[in-house]
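Undergrad: build me a model:
(one chain, ligands or ions: 1)
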Amino acid sequence: MKISPQLKERARRIARKLRRAYPDARCELNFNNPLELLIAAILSAQCTDERVNRVTPELFRKYRSAADWAGVPQAVLENEIRSTGFFRNKARNIIALTRRLAEDFGGRVPDDFETLVSLPGIGRKTANLMMAVAFHKPGLVVDTHCRRVARRLQLTDNNDPARIEEDLKALIPRTSWGSFSHTMVFHGRYCCTARKPACRKCPVREDCPSRDYA
Ligand code: SF4
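TA: Predicted structure coming up:
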């Protein structure tokens, strides 16, 4: 997407307004360390954060290290995470990932993006989440809400999450990537919803080319 100075200015104005509208926007998954966030992020695929947060306390009490997770029999883990959906794939991914962490990284979760995306079952969305939330480094998470809102705001003309991420990263200062994506997610959840966007009370309606049409 062509980045004009006007587009950049509009994007930054939107970012400021969203920050004011959602001062408490944050990742809503509960965790105590990077490994727990990584597991919670895998479980959150096609599942609400609320449901994940109901399942993880017991899991985090039982399994503390990457080696603990890697040693859980697949059938046992499947049963424990069944309510989060897609439990076979998720269990397989968690075991493969934690085995790799235990064998190659001394059980630690690496804190650089390229290494994270090279790990089994870790895509750009999770790697960006880890960067921004677990490691407090630049990371911009493009989930389904951020994608929809970015397209309605015409901050991107792409459909593919990786391309959208690239467009947004070109518009927003690196230091604000994390907070920007959290506010976009909140805005998508609570105002610019998929079915019925609340354009009339939207805090960025003046800067939105889709207002009242979405
Ligand atoms: S004006 Fe409507 S379509 Fe635009 S961001 Fe706000 S809620 Fe979404």
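Undergrad: what's the spacing between residue 33 and the ligand?
TA: 35 Å (Cβ to the nearest ligand atom, to the nearest Å). In short, each C-beta sits where N, CA and C put it, glycine included.
Undergrad: that residue and residue 130, how far apart?
TA: From residue 33 over to residue 130 the distance is 11 Å, taken as Cβ to Cβ, to the nearest Å.
Undergrad: the chain - how does it break down into domains?
TA: Domain assignment of the chain by automatic domain parsing yields the ranges 5-25+140-207, 34-134.
Undergrad: what about residue 6, how many residues nearby?
TA: Using other Cβ atoms under 10 Å, residue 6 has 8 other residues around it.
Undergrad: check contacts around it.
TA: By Cβ atoms under 8 Å, 6 or more residues apart in numbering, residue 6 lies in contact with nothing.
Undergrad: near the ligand at all, the one helix or strand it maps to?
TA: Under the criterion of DSSP states H and E, residue 6 resides in helix 5-21. No - Helix 5-21 lies apart from the ligand when judged by Cβ under 6 Å from any ligand atom; the minimum separation is 8.4 Å.
Undergrad: numbering from 8 from now on, please.
TA: Sounds good: first residue 8 from here, last item helix 12-28.
Undergrad: buried sites along that helix?
TA: Buried residues in helix 12-28, counting neighbours by 16 or more other Cβ atoms under 10 Å, are found at 14, 17, 18, 21, 22, 24, 25, 26, 28.
Undergrad: same check on stretch 119-132?
TA: 120, 123, 126, 128, 129, 131, 132.
Undergrad: pLDDT of it, averaged?
TA: Stretch 119-132 comes out with an average pLDDT of 96.
Undergrad: surely residue 56 touches residue 38?
TA: No - the criterion here is Cβ atoms under 8 Å, and residue 56 misses it with residue 38 at 10.9 Å.
Undergrad: sorry, back to before: make JSON lines from the buried residues of helix 12-28 and add distance to residue 144 and pLDDT to it.
TA: Putting these into JSON lines (distance: Cβ to Cβ, whole Å; pLDDT from 0 to 100) gives the following:
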{"residue": "14", "distance to residue 144": "26", "pLDDT": "97"}
{"residue": "17", "distance to residue 144": "26", "pLDDT": "98"}
{"residue": "18", "distance to residue 144": "21", "pLDDT": "98"}
{"residue": "21", "distance to residue 144": "23", "pLDDT": "98"}
{"residue": "22", "distance to residue 144": "18", "pLDDT": "98"}
{"residue": "24", "distance to residue 144": "25", "pLDDT": "98"}
{"residue": "25", "distance to residue 144": "21", "pLDDT": "98"}
{"residue": "26", "distance to residue 144": "19", "pLDDT": "98"}
{"residue": "28", "distance to residue 144": "25", "pLDDT": "98"}
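Undergrad: just name the closest of those residues to the ligand, please.
TA: The ligand lies nearest to residue 21 out of the buried residues of helix 12-28, by Cβ to the nearest ligand atom, at 8.4 Å.
Undergrad: pull the contacting residues for the closest one.
TA: Listed by Cβ under 8 Å, 6+ apart, the contact set of residue 21 reads 160, 162, 211, 214.
Undergrad: thanks again, I'm all set now.
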